[in-house]
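**Student:** predicted coordinates and the sequence they were generated for:
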2 protein chains.
Amino acid sequence: MVDKKKAQNLLNYIGKYVILTPEEELSLLSHISYRKYLKGQYIIQQGDVCKYECFVISGCTKMFHMDHLGQEHIIMFAIEDWWTSDMGSFISQTEADFNVQCVENTELIMFHRDIIEKLYEEIPKLERFFRQIVERALVASQKRIVRSFSLTARERYLFFKNQYPEIEQRIPQYMIASYLGITKEFLSKIKSQITLNS
Amino acid sequence: MVDKKKAQNLLNYIGKYVILTPEEELSLLSHISYRKYLKGQYIIQQGDVCKYECFVISGCTKMFHMDHLGQEHIIMFAIEDWWTSDMGSFISQTEADFNVQCVENTELIMFHRDIIEKLYEEIPKLERFFRQIVERALVASQKRIVRSFSLTARERYLFFKNQYPEIEQRIPQYMIASYLGITKEFLSKIKSQITLNS
DNA sequence: AAAAAATGTTAAACTAGTTTAATATTTATG
DNA sequence: CATAAATATTAAACTAGTTTAACATTTTTT
């Protein structure tokens, strides 16, 4: 049973999509788990099978793919009130393509695969909730593809900085470069050009 | 009421995820609509509000964003047994960022927004079905992002050709170039290099 | 079957972003 | 507080992919 205080962010978040009764809330709390990770620790490792969907209570994670040349490609960050997982591995219980690693000390609420299935049966509202969450994630992902094709590196950086100012502050620049799909050297150049022009 | 024959592909497809009773199937058929479009026609236009999720019975569509320079960026194609929509516009009833246009004469089954909500209430299995569909779409989208960052244009082309050989045959090359995020001239060069080396 | 429209090819000049490598700056640690 | 480790900057040489423009081929229309 997760302490209600620790899960308050999650409950508020769910409350934006569906209204749970006190009993449903209690049942939810009894099925999920809370865990702390330290900066640098892996929540999911490429090659493992992913058993959890994770909600970030505090801290920051990066989800990335390591390619055959050993290069990291960051797909997303997750801070307070974001979800992270390797959905592909989670839904088909196959080897994960992605790593999720903590960029800061991080507190999570974790939904185990088997338990989430039971929760869908017991509280259909939660299935609605997750459907909506995933729909939004898909929209964000498609828009990211468009930006990667239609914007220059400079424009993508400015978009990111504008859309996620908190993240831009908390994360080393070389990770932002990886997220933008460019080298850290080129991001450095872009930033120096921007400061000159202002 | 959609003729069961016309919806057979859809019913088979849904059957891979959830089992509907004959009554549920009937109710479903009575709520969806069937429509034919001609090559070149738009199912969704950027700027409009998207009211439908569409299942392709036959034909082929492209979903693309037109940027401020008038350039098309193709996000996905949809052939038989695929879904297409502008999910962002559909879920929040805001102006669509994407166009969906027919590349061939196309037959669709269309799920209206208001009706899909009612169907979720009436047949919770359908909510499960759509949750799973969207989860898969998200996985595909995230993998596409990885490929756009970690592979060269040549590798992306070979991947596409290998993964979707049917689509590669049916679609003009310049659209494939757009899907891959490169110019048609460069794709032409890639293809000539590949044929030389084999 | 001719003309027009759409699609595909080739090649040269160009540019956005990479690579390499050296140095500077900031942050963490004994 | 000194040293190491991690992060960021700069610049020159380079390359993957773009641009432009002219031409070739295929498909559609009359």
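**Tutor:** All right, it came through fine. All figures in this text were calculated on a predicted structure; none of them were measured in a lab. Residues are numbered from 1 along each chain as shown, chains lettered A, B, ... in the order given.
**Student:** list the residues that contact A:Ala78.
**Tutor:** A:Ala78 sits next to A:Cys54, A:Val56, A:Cys60, A:Thr61, A:Lys62, A:Met63, A:Thr84, A:Val100 when contact means CB atoms under 8 Å, 6 or more residues apart in numbering or on different chains. Glycine gets a C-beta too; all of them are placed from N, C-alpha and C.
**Student:** restrict the residues you listed to those near DNA strand D?
**Tutor:** The subset of the contacts of A:Ala78 within reach of DNA strand D, counting by CB under 7 Å from any atom of the strand, is empty.
**Student:** out of those, who's nearest B:Tyr42?
**Tutor:** Closest to B:Tyr42 out of the contacts of A:Ala78 is A:Met63 (35.0 Å), distances taken as CB to CB.
**Student:** what about the closest one, which SS state?
**Tutor:** Secondary structure, DSSP: H, G, I helix; E, B strand; the rest coil: A:Met63 is strand.
**Student:** so which bits of chain A are right by chain B?
**Tutor:** By CB under 8 Å from any CB of the partner chain, the residues of chain A that approach chain B are A:65, A:67, A:71, A:73, A:75, A:87-88, A:91, A:97-98, A:120, A:124, A:127-128, A:130-132, A:134-139, A:141-146, A:148-150, A:181.
**Student:** just the ones of those in strands?
**Tutor:** Residues of the residues of chain A next to chain B located in strands (DSSP state E): A:His65, A:His73, A:Ile75.
**Student:** thought the second one was touching B:Ser148?
**Tutor:** Spelled out, that is A:His73. No: judged on CB atoms under 8 Å, A:His73 makes no contact with B:Ser148 at a distance of 9.3 Å.
**Student:** wondering if the biggest helix by length in chain A reaches DNA strand D at all.
**Tutor:** In chain A, with assignment by DSSP state H, the single longest helix is helix A:124-150. No: Helix A:124-150 stays clear of DNA strand D (CB under 7 Å from any atom of the strand), getting no nearer than 8.7 Å.
**Student:** what sits against A:Leu158?
**Tutor:** Counted by CB under 8 Å, 6+ apart, A:Leu158 has contacts A:Ile194.
**Student:** A:Leu108: what secondary structure?
**Tutor:** For A:Leu108, the assignment made with three-state DSSP gives strand.
**Student:** give the contact list for it.
**Tutor:** Going by CB under 8 Å, 6+ apart, A:Leu108 touches A:Tyr34, A:Arg35, A:Lys36, A:Tyr37, A:Ile43, A:Cys54, A:Phe55, A:Val56, A:Ile57.
**Student:** A:Gln173 and DNA strand C, how far apart?
**Tutor:** As for A:Gln173, its distance to DNA strand C is 11 Å (criterion: CB to the nearest atom of the strand, to the nearest Å).
**Student:** okay, now that residue: neighbour count?
**Tutor:** Residues near A:Gln173, counting by other CB atoms under 10 Å in any protein chain shown, number 12.
**Student:** okay, and A:Ile167 sits in which element?
**Tutor:** Using DSSP states H and E, the element containing A:Ile167 is helix A:165-170.
**Student:** give me the contacts around that helix.
**Tutor:** With CB under 8 Å, 6+ apart as the contact definition, helix A:165-170 has outside contacts at A:Cys60, A:Phe77, A:Ile79, A:Val103, A:Glu104, A:Phe160, A:Lys161, A:Ile176.
**Student:** out of these, which is most surrounded?
**Tutor:** Busiest of the contacts of helix A:165-170 [other CB under 10 Å] is A:Phe77, holding 24 neighbours.
**Student:** now do the helix or strand containing it, average pLDDT.
**Tutor:** A:Phe77 belongs to strand A:72-78 when assigned by DSSP H and E. Per-residue pLDDT values across strand A:72-78 average out to 97.
**Student:** parallel or antiparallel, which strands does it pair with?
**Tutor:** The strands beside strand A:72-78 in its sheet (DSSP bridges) come out as strand A:61-66 (antiparallel).
**Student:** outside of the strand it pairs with, which residues touch it?
**Tutor:** By CB under 8 Å, 6+ apart, the residues outside strand A:61-66 that reach it are A:43-44, A:46, A:54, A:72-78, A:84, A:86, A:97-103, A:106, A:171, A:175, A:178-179, B:146, B:150.
**Student:** just checking, A:Gly181 touches B:Arg147?
**Tutor:** No: using CB under 8 Å, A:Gly181 is not in contact with B:Arg147; the gap is 11.3 Å.
**Student:** quick one: name the residues of chain A near DNA strand D.
**Tutor:** Listed as neighbours of DNA strand D in chain A under the rule CB under 7 Å from any atom of the strand: A:Pro172, A:Gln173, A:Tyr174, A:Lys184, A:Glu185, A:Leu187, A:Ser188, A:Lys189, A:Lys191, A:Ser192.
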